[in-house]
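# fold the following for me, if possible:
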Amino acid sequence: MTKKNPLTKALSQYSFILVFIAIFIVYAFTSNGLTWNGVMNIFRHSAVIGIIGIGMGMVCLTGEIDLSVGSMLALISGFAVVIFNLTGSILVTLLFCLAFGALCGCINGVLVGYVKMPAFIVTLATMLIYRSFAQYFCQHIPKDLCGGGSSVYRMVNSLSSYQTFYNFGNGKIATIPIVGLVLILVVAVFTYLTTSTKFGKKVYAIGSNEKGAAMNGINVDLMKTVVFVITGALAGAGAFLWIAMNASSDPATTGKSNEMYAIASAVLGGISMSGGRGKCLGILFGAMSYTVIDKIIVALKMDSLINDAIKGIILLVVILIQLAGPRLKEKFGH
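Model prediction:
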């Protein structure tokens, strides 16, 4: 058996970087002059999707899927606005986002892990439930707590902490968006968690061979529940950044299609939809790749109605490449 060339191995494991570079080069040629601020905007616009994508990647590593993350973002961000308007505390709002997100994720996790319902059906149902709750309560919560909006949750800008919160969401440190730095921190934490801890090894083991993992003493039901809880908490973190950046949340549109963008970020980043393969680091590049694709479409002045079709085609192509790769290696003996 021939030993694999180290360079070939590295290129195989970190192909998501090459994909991002290729897409970025296309963007550089199609945009009207590439600027540092433009590059940093890519970073900023990738923050929320990237963080949600990390959660999606964790779920996918166990061989499951979570279609509710977009609706979760809408529900958590809307209620977080109410909490901020009620308390005026940024810290309380952050803790609420993480706790409420973990609770939403726990509902998914228990139904998938312990009740043994299919993740696709469970999260499809909670996707509808969470979005519906976000819209319903926006109409029935007292308007002063919703910021006076009739159909949108808005942060009250007369609160003393409002400007601090908004500056956090839109501020920069040494020209780098703060929300982008938060994304890097989250990616770093979960890269370490999945590669250097027993927990991470268990996640990969479940995705690679669930029955084998159970036979080796791994509590698969508990692990799956925990992973969904983590995904919910990360959706909560994304919701916190969303309201910090926008000072509002529209329950009808916030997070719309984000479950698909999160899946795309994970897949573009090399996470296998069948579980057990991929790196959380790749999701950072996957999220930025998808953001750049969006900007390329805008730069080319394509009809906005065709945007999602193009993104969908790209997603199908990437998954086809994922499926074809192992088969080609097997066929040609590499």
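# right, and the helix or strand after whichever strand or helix holds G57?
Assigned by DSSP states H and E, G57 belongs to helix 47-61. Counting by DSSP H and E, the next helix or strand C-terminal to helix 47-61 is helix 69-87.
# sorry, back to before: which helices and strands does the helix holding G57 pack with?
helix 69-87, helix 178-196, helix 198-208, helix 220-246, helix 258-268, helix 280-299 (3 or more Cβ pairs under 8 Å, 6 or more residues apart in numbering; DSSP states H and E). C-beta: built from backbone N, CA, C; applies to glycine.
# in the second one, what counts as buried?
When neighbours are counted by 16 or more other Cβ atoms under 10 Å, the buried residues of helix 178-196 are found to be 178-180, 182-183, 186-187, 190-191, 193-194.
# cool, the fourth one as well?
With burial defined by 16+ other Cβ under 10 Å, the residues of helix 220-246 counted as buried are 220-221, 223-246.
# related to what we said a few turns ago, looking at the helices and strands packed on helix 47-61, which is nearest to F43?
Relative to F43, the nearest member of those by Cβ to Cβ is helix 178-196, separated by 3.8 Å.
# show me what that closest one is packed against.
If contacts are counted by 3+ Cβ pairs under 8 Å, 6+ apart, helix 178-196 sits against helix 36-45, helix 47-61, helix 162-170, helix 198-208, helix 220-246, helix 280-299.
# now with 7 Å, please.
Judged by 3 or more Cβ pairs under 7 Å, 6 or more residues apart in numbering; DSSP states H and E, helix 178-196 is in contact with helix 36-45, helix 47-61, helix 198-208, helix 220-246, helix 280-299.
# alpha carbons only: can I get that helix in CSV?
Coordinates of the C-alpha atoms in helix 178-196 are reproduced here as CSV (Å, rounded to 0.1, in the frame of the first residue of the first chain):
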residue,chain,number,x,y,z
ILE,A,178,-16.0,42.9,16.7
VAL,A,179,-18.6,40.4,15.6
GLY,A,180,-16.0,38.8,13.3
LEU,A,181,-13.6,38.4,16.2
VAL,A,182,-16.4,36.7,18.2
LEU,A,183,-16.8,34.3,15.2
ILE,A,184,-13.1,33.5,15.3
LEU,A,185,-13.3,32.9,19.1
VAL,A,186,-16.2,30.5,18.7
VAL,A,187,-14.5,28.7,15.8
ALA,A,188,-11.3,28.4,17.9
VAL,A,189,-13.2,27.0,20.9
PHE,A,190,-15.1,24.4,18.9
THR,A,191,-12.1,23.4,16.8
TYR,A,192,-10.3,22.6,20.1
LEU,A,193,-13.4,20.9,21.5
THR,A,194,-13.8,18.6,18.5
THR,A,195,-10.2,17.8,18.0
SER,A,196,-8.6,17.7,21.5
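# tilt between that helix and helix 162-170?
Angle of helix 178-196 versus helix 162-170, following axes from the mean of the first three to the mean of the last three Cα atoms, to 10 degrees, is 60 degrees.
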